[in-house]
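S.K.: what would the 3D arrangement of this be:
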Amino acid sequence: MLNSYWGPSEQNQLKQVREVVQLMITGALVAFLTYHLAPSKVMAADVDAMISVQTVQGEVFNIASRTGAKVNDATVIQTDVKCASGVIRVIDTVLTPK
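M.R.: So this is what the prediction gives:
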């Protein structure tokens, strides 16, 4: 199965360490991580025709590509980073489920 992962840059991940530790303590880490994951391979060219993506976690996040690629409030910094399990998009912040 190929997936798409919207992952924050390393610099932005470090800003969220306290939040991630709290998620681990409360048992919500899996929901947090799967909120960044779509159950299909979505390439940058596919995003232009999309307005939202359903996550593995079950929630939906919004996609805007006309004014620069955005996922909810996060800006996409790098697209189509291919990996064995699909594709990664690097974003400038951590996405937080509702």
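S.K.: how many other residues sit next to the closest residue to residue 90 other than its chain neighbours?
M.R.: Distances taken as Cβ to Cβ, 6 or more residues apart in numbering put residue 78 closest to residue 90, at 4.1 Å, once the chain neighbours are dropped. For glycine as for every other residue, the C-beta is placed from the backbone atoms N, C-alpha and C. For residue 78, the neighbour count with other Cβ atoms under 10 Å is 13.
S.K.: can you tell me what sits against the longest helix anywhere in the chain?
M.R.: Determined from DSSP state H, the single longest helix within the chain is helix 17-26. By Cβ atoms under 8 Å, 6 or more residues apart in numbering, the list of residues contacting helix 17-26 from outside reads 29, 32, 94, 96.
S.K.: make it 6 Å
M.R.: 29, 32 (Cβ atoms under 6 Å, 6 or more residues apart in numbering).
S.K.: buried ones in that helix, by neighbour count?
M.R.: residue 23 (16 or more other Cβ atoms under 10 Å).
S.K.: same question, stretch 53-60
M.R.: For stretch 53-60, by 16+ other Cβ under 10 Å, it's 53, 55-57.
S.K.: list the buried ones in stretch 57-75?
M.R.: For stretch 57-75, by 16+ other Cβ under 10 Å, it's 57, 61, 63-65, 69-71, 74.
S.K.: equivalent analysis for stretch 83-98, please.
M.R.: 86-91, 93-95.
S.K.: from those, which two are the most distant?
M.R.: Across the buried residues of stretch 83-98, the longest distance by Cβ to Cβ is 21.1 Å; it joins 86 and 93.
S.K.: the helix or strand containing residue 77: what's the following helix or strand?
M.R.: Element membership of residue 77 [criterion: DSSP states H and E] is strand 74-83. Scanning forward in sequence from strand 74-83 by DSSP H and E, the next helix or strand is strand 86-91.
S.K.: who does that next one pair up with?
M.R.: Using DSSP bridges, strand 86-91 pairs in its sheet with strand 3-8 (parallel), strand 74-83 (antiparallel).
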